[in-house]
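Visitor: return a 3D structure for these sequence lines:
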Amino acid sequence: MSVGLEPRPDLRKTSFLPGTVLVWVHIVVAALAMVATLPGRSHGLGLVTEPLLADLHLSRVEYNKRSDGGDQREKHYEEFHRWRRGKYAEYNKTDVIFQ
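Guide: Down below sits the predicted model:
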């Protein structure tokens, strides 16, 4: 039994590709869904933050200080600068300045 292969239609000759329209429909629906859920996402953060503030007895300022990560970030960069200065010192480049 031989299987005959039928020639594929040349898609370049057709002006309408159904797959292309379907992709754009999906993109438009996804964009509308993202826009429609934006208020829920921003207000939804309050559903988590407010009870957390009440449970931990924190003011908004204290919460922002703790969640900002500024202290950790500063420690990380100090550690990185020390490491980088050590690496440069291996090549006798001791006049490196980080800002």
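Visitor: tabulate the CA atom coordinates of the least confident helix or strand in the chain by mean pLDDT in CSV.
Guide: In the chain, the helix or strand scored least confidently by mean pLDDT, DSSP states H and E is helix 60-68, which has a mean of 76. As requested, the backbone C-alpha atoms of helix 60-68 are provided in CSV (Å, rounded to 0.1, in the frame of the first residue of the first chain):
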residue,chain,number,x,y,z
ARG,A,60,2.4,52.9,57.0
VAL,A,61,5.7,54.7,57.4
GLU,A,62,7.3,51.8,59.4
TYR,A,63,5.9,49.3,56.8
ASN,A,64,7.4,51.2,54.0
LYS,A,65,10.8,51.4,55.7
ARG,A,66,10.8,47.6,56.2
SER,A,67,9.5,46.7,52.8
ASP,A,68,11.7,49.2,50.9
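Visitor: who touches that helix?
Guide: Applying CB atoms under 8 Å, 6 or more residues apart in numbering, the contact partners of helix 60-68 are 49, 52-53, 56, 58. All C-beta spots, glycine's among them, are computed from the backbone N, C-alpha and C.
Visitor: show me the residues you listed that map onto helices.
Guide: Residues of those located in helices (DSSP state H): 49, 52-53, 56.
Visitor: could you export the residues you listed as TSV, including distance to D95 and neighbour count?
Guide: As requested, the ones in helices among the contacts of helix 60-68 are arranged in TSV below (distance: CB to CB, whole Å; neighbours: other CB atoms under 10 Å):
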residue	distance to D95	neighbour count
T49	47	13
L52	47	12
L53	48	14
L56	47	10
